[in-house]
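>>> below is the structure, and that's it, no one-letter string:
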């Protein structure tokens, strides 16, 4: 069972929505995190990093991360600098969700170089290496990879806390890479993912063990989307608050989730999650 479960909200960065008001509501309601998807090519969305900066500037406790950053469109050295800067400016409230890339037609149209699945994972591994070097505090950094390089650069400013790199991953090789190199794993719990969750957790653990790491050191940060209703169950994560609490407690106790981020459409969904589902889930985990 997860020793302590934190909760958050998955915020869609739609420019027409009251994004900063919603983030302040997330903090007021006592949740811990806001995660924001990163699709720069989506014309209806504001830029994820600009939004995270604004959220951190208008909240005092909330922790923020991209869920997950699109590495093919964000060079890792600059991404590391941006992440460290947000961490410094917010007093240590930033984490870095990171992905190997998806929606390749759109990403390529926006300037990314299309990669095969294998290449994209190799690129991700190099990107993580570059990011960690930029956070190292060392000078005259040098790295020569197939996709990225550093040639005599200096790191800084340093993050004010150990920023976690949380990787969004689903395939067998990506999961092992996550266990080997990352600080956390960020899947979205769709039905097909739920059916494979035990196997996927094992692959993350195997990757960590192969690297000589403690598998329990890799956080499990799960996105959970659905609808909180007053009626009978309409399926997984679609039903009343008590059903949600049972299902989220199971994700924590059986599948080791230690952070759960909610997304649900509807004006009252965020409030109901924070006021009804979260306390009931905590009660079940404490029992």
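Nice, thanks for sending it over. The structure displayed is predicted, hence computed values, not measured ones.

>>> surely residue 256 meets residue 204?
No - the criterion here is Cβ atoms under 8 Å, and residue 256 misses it with residue 204 at 9.6 Å. Where C-beta positions appear, they are placed from N, C-alpha and C, glycine not excepted.

>>> neighbour count: the two, which is higher?
For residue 256 versus residue 204, neighbours defined as other Cβ atoms under 10 Å are more numerous around residue 204 (26 against 20).

>>> next up, the contacts around the closest residue to that one other than its chain neighbours.
Excluding the flanking residues, the one nearest residue 204 by Cβ to Cβ, 6 or more residues apart in numbering is residue 179, at 4.1 Å. Shown in contact with residue 179 (Cβ atoms under 8 Å, 6 or more residues apart in numbering): 185, 203-211, 213, 215, 218.

>>> same check, this time on residue 9
Residue 9 neighbours (Cβ under 8 Å, 6+ apart): 22, 26, 31, 33, 34, 35, 261, 262, 263, 270, 273.

>>> pLDDT, distance to residue 225 and secondary structure added to the residues you listed, as JSON lines?
What follows is those, written out as JSON lines (pLDDT from 0 to 100; distance: Cβ to Cβ, whole Å; DSSP: H, G, I helix; E, B strand; the rest coil):
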{"residue": "22", "pLDDT": "98", "distance to residue 225": "16", "secondary structure": "helix"}
{"residue": "26", "pLDDT": "98", "distance to residue 225": "16", "secondary structure": "helix"}
{"residue": "31", "pLDDT": "98", "distance to residue 225": "16", "secondary structure": "coil"}
{"residue": "33", "pLDDT": "98", "distance to residue 225": "15", "secondary structure": "strand"}
{"residue": "34", "pLDDT": "98", "distance to residue 225": "15", "secondary structure": "strand"}
{"residue": "35", "pLDDT": "98", "distance to residue 225": "12", "secondary structure": "strand"}
{"residue": "261", "pLDDT": "98", "distance to residue 225": "9", "secondary structure": "strand"}
{"residue": "262", "pLDDT": "98", "distance to residue 225": "8", "secondary structure": "strand"}
{"residue": "263", "pLDDT": "96", "distance to residue 225": "4", "secondary structure": "strand"}
{"residue": "270", "pLDDT": "98", "distance to residue 225": "13", "secondary structure": "helix"}
{"residue": "273", "pLDDT": "98", "distance to residue 225": "11", "secondary structure": "helix"}
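
>>> show me just the buried residues among these.
Burial by neighbour count, 16 or more other Cβ atoms under 10 Å: within the contacts of residue 9 this picks out 26, 31, 33, 34, 35, 261, 262, 263, 270, 273.

>>> who are the contact partners of the first one?
When the contact criterion is Cβ under 8 Å, 6+ apart, the partners of residue 26 are 8, 9, 11, 34, 62, 270, 274.

>>> now render the contacts of residue 9 as a markdown table, adding distance to residue 231.
A markdown table is the format used below for the contacts of residue 9 (distance: Cβ to Cβ, whole Å):
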| residue | distance to residue 231 |
| --- | --- |
| 22 | 26 |
| 26 | 26 |
| 31 | 25 |
| 33 | 29 |
| 34 | 29 |
| 35 | 28 |
| 261 | 24 |
| 262 | 19 |
| 263 | 20 |
| 270 | 20 |
| 273 | 17 |
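
>>> circling back: Serialize the buried ones among the contacts of residue 9 to JSON lines and add fields for distance to residue 107.
Below are these laid out as JSON lines (distance: Cβ to Cβ, whole Å):
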{"residue": "26", "distance to residue 107": "28"}
{"residue": "31", "distance to residue 107": "30"}
{"residue": "33", "distance to residue 107": "25"}
{"residue": "34", "distance to residue 107": "24"}
{"residue": "35", "distance to residue 107": "20"}
{"residue": "261", "distance to residue 107": "23"}
{"residue": "262", "distance to residue 107": "27"}
{"residue": "263", "distance to residue 107": "22"}
{"residue": "270", "distance to residue 107": "30"}
{"residue": "273", "distance to residue 107": "31"}
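
>>> list just the nearest of those to residue 120.
Nearest to residue 120 among those: residue 35, at 21.4 Å, using Cβ to Cβ.

>>> quick check: bridge partners of that closest one?
Beta-bridge partners for residue 35, by DSSP bridges, are residue 10, residue 65.

>>> give me the helices and strands touching the longest helix along the chain, please.
If you go by DSSP state H, the chain has its longest helix at helix 117-134. Packing partners of helix 117-134 (3 or more Cβ pairs under 8 Å, 6 or more residues apart in numbering; DSSP states H and E): helix 76-90, strand 96-99, strand 141-144, strand 149-153, strand 165-167, helix 172-181.
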